[in-house]
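> Everything below, folded, please.
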Amino acid sequence: MLVGVGLSMAVATAPTVASASIGLGAVVSANPANFTPNVASGAVYKFVQVGATMYAGGAFGSVSTPAGVSPGGTFARANIVAFNASTGVVSTGFAPSVNGEVWALASDGASLWVGGTFTSVNGVARRGLAKLNPATGAVDTAFNANLASGKVTELALVGGRLLASGTFPGKLLALNPATGANTGYLNLGISGSVASNAGPTEVYRFAVNPAGTRLVGVGNFTAVGGQPRYRAFMLTLGATASVNAWSYPPLQNLCAASSIPDYMRDVDFSPDGSWFAMVSTGYIPRAGGVGRDLCDATARFETSVAAPVRPTWINYTGGDTLHSVAATDVAVYVQGHQRWMDNPRGADSAGPGAVSRPGIGAINPATGLSLPWNPTKERGVGGKDLYVTPQGLWVGSDTNRIGGETRRRIALMPLA
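Okay, the predicted model is just below:
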């Protein structure tokens, strides 16, 4: 079910918070750029750009430049790579040895923070989180978060603090970016599990609005700061951090696939911070849930509406997972292993009104209906990151082809 509303949209300036997407003023091209590096196997889970250099983290062992890029070649890279964002040339001076997957990246322009499942970087013991020199890849040994267990799946610099989330003790912390010490700013108490088979309690992903005053997190939990919050919550960030009144009680509901109770996958704020979009897995809604339950769907919520009865709109895939979302001024880009969108009546099938959007698609932020943009992409498990820069939309995935071209796990859909 697509519930459209009339909303005015303006091009926003670049955000001050790294986790929020920026306004582009137009839909990106469906024709990928030709210069992006190729990751031979595995997956890319996260991007961050520092000056002219793009960093990509994930699960991989080598990266090569495409034909025509000079200097070219194949380079051994342990789960993280740096390359020129305009030419695709791989940085030869940055080659840290990370012994596990890289899921999160953040930078202030002078340093690079890396989060994931690893336990050491360059032989230095660092569970889940490390601070690197962005030019050399050397570990900054003055920074040590001393995480006792778990992994880090999201990072952002907000208000002079490094925010980190994952499965580690605390689930969401605000760290001193120089030392890694817990500042105490986000000791809220995040607890519970949505089902016995949902896995560990975690804040899987979060997004922060451009002003740095609101944070929305998604994952597996049932309470935040002593208040009931299933699968998603909002915080107010100021001199202190507190649980915002925003709550969507239907997130207590299971989707049809009871084997995937932890079904929220990503969230992103609009460039002006007035709304945010979430994507999910979980298969189709149970009886009576269409238009209400976020199951294999994209949904928009208004930041200022504390007790929404329904999302502003929901766009369903009809039974296929969405893993990542980027909310710009003119398009909400989504990625997963979906075959269709605009498909509220589909159940692993194309229902009435469904449109073909394999692997990647774009939604009109005002109406919730799919835009004509349809590059098509190999579906795979589904890409975990969409990253917006003034160049366009960077696509990190586990597949080889997009827009009819071979672009292995890294693609740029340029702003035309």
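> is it true that P250 lies in a helix?
Yes. Assessed with DSSP: H, G, I helix; E, B strand; the rest coil, P250 lies in a helix.
> Can you tell me the closest non-neighbouring residue to it?
Of all residues not flanking P250 in the chain, R292 sits nearest, at 5.1 Å (Cβ to Cβ, 6 or more residues apart in numbering). For every residue, glycine as well, the C-beta is placed using N, CA and C.
> Distance of the one you found relative to P308?
10 Å (Cβ to Cβ, to the nearest Å).
> M264: what's it in contact with?
M264 makes contacts with Y204, R205, V218, G219, R231, A232, L251, M278, S280, L294, as judged by Cβ atoms under 8 Å, 6 or more residues apart in numbering.
> could you redo the last one with a cut-off of 7 Å?
Going by Cβ atoms under 7 Å, 6 or more residues apart in numbering, M264 touches V218, G219, R231, A232, M278, S280.
> Equivalent analysis for L155, please.
A104, L105, A106, W113, G115, L162, L163, A164.
> secondary structure class for the first one?
In other words, A104. Assigned with three-state DSSP, A104 falls in the strand class.
> Please list all residues in contact with the nearest residue to it once chain neighbours are set aside.
Nearest residue to A104 in three dimensions, chain neighbours excluded: G115, at 3.3 Å (Cβ to Cβ, 6+ apart). The contact partners of G115, by Cβ under 7 Å, 6+ apart, come to W103, A104, G128, L129, V152, T153, L155, A164.
> hang on, the earlier thing: can you list the contacts of M264 in JSON lines and add distance to S349, secondary structure and neighbour count?
Formatted as JSON lines, the contacts of M264 follow (distance: Cβ to Cβ, whole Å; DSSP: H, G, I helix; E, B strand; the rest coil; neighbours: other Cβ atoms under 10 Å):
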{"residue": "V218", "distance to S349": "27", "secondary structure": "strand", "neighbour count": "27"}
{"residue": "G219", "distance to S349": "30", "secondary structure": "strand", "neighbour count": "28"}
{"residue": "R231", "distance to S349": "26", "secondary structure": "coil", "neighbour count": "25"}
{"residue": "A232", "distance to S349": "28", "secondary structure": "strand", "neighbour count": "24"}
{"residue": "M278", "distance to S349": "24", "secondary structure": "strand", "neighbour count": "28"}
{"residue": "S280", "distance to S349": "19", "secondary structure": "strand", "neighbour count": "32"}
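> follow-up on the earlier one: in terms of distance to N209, which of the contacts of L155 ranks first?
Nearest to N209 among these is L163, at 12.9 Å by Cβ to Cβ.
> What's the separation between the closest one and S397?
25 Å.
> Tally up the residues packed near the residue nearest to G346 when sequence neighbours are not counted, please.
Spatial nearest neighbour of G346, chain neighbours left out: G318 (2.5 Å); criterion: Cβ to Cβ, 6+ apart. When counting by other Cβ atoms under 10 Å, one arrives at 23 neighbours for G318.
> for L112, same thing?
Neighbour tally, L112, other Cβ under 10 Å: 26.
> Okay, it and G42: tell me how far apart.
With Cβ to Cβ as the criterion, L112 and G42 are 20 Å apart.
> Strands along the stretch 251-400 of the chain, start to end?
264-269, 275-280, 297-302, 313-316, 322-327, 332-336, 340-341, 355-356, 360-363, 385-389, 392-396 (DSSP state E, counting those that start in this stretch).
> Out of the ones you listed, flag the one nearest S64.
Comparing the strands of the stretch 251-400 of the chain by their distance to S64 (Cβ to Cβ), the top pick is strand 392-396, with 16.4 Å.
> what comes into contact with that closest one?
28, 44-47, 56, 58, 326, 333, 335, 360, 383-387, 402, 409-415.
> Let me know the closest of the contacts of M264 to A95.
Of all those, A95 sits closest to G219, with 32.1 Å by Cβ to Cβ.
> didn't the closest one look like it was pressed against E202?
Yes. Using Cβ atoms under 7 Å as the test, G219 is close enough to E202 to be in contact (4.6 Å).
> Now stretch 37-46: buried residues?
In terms of neighbour count (16 or more other Cβ atoms under 10 Å), stretch 37-46 has its buried residues at P37, N38, V39, G42, A43, V44, Y45, K46.
> Revised request: answer the last question for stretch 124-138.
Buried residues in stretch 124-138, counted by 16+ other Cβ under 10 Å: R126, R127, G128, L129, A130, K131, L132, P134, G137.
> Return the distance of that stretch from the chain's centre.
21 Å (Cα atoms, centre = their mean, to the nearest Å).
> returning to that earlier point: present the strands of the stretch 251-400 of the chain as a markdown table; the columns should include distance to A347 and mean pLDDT.
Output for those, formatted as a markdown table (distance: least, Cβ to Cβ, whole Å; pLDDT from 0 to 100):
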| stretch | distance to A347 | mean pLDDT |
| --- | --- | --- |
| strand 264-269 | 20 | 98 |
| strand 275-280 | 16 | 98 |
| strand 297-302 | 13 | 98 |
| strand 313-316 | 10 | 98 |
| strand 322-327 | 16 | 98 |
| strand 332-336 | 17 | 98 |
| strand 340-341 | 11 | 98 |
| strand 355-356 | 17 | 98 |
| strand 360-363 | 19 | 98 |
| strand 385-389 | 26 | 98 |
| strand 392-396 | 28 | 98 |
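> and S191, how far is that from E202?
Separation of S191 from E202 (Cβ to Cβ) stands at 11 Å.
> Please pick the buried ones from the contacts of strand 392-396.
Using 16+ other Cβ under 10 Å as the burial test, the contacts of strand 392-396 include 28, 44-47, 56, 58, 326, 333, 335, 360, 383-387, 402, 409-413, 415 as buried.
> Sounds good, over and out.
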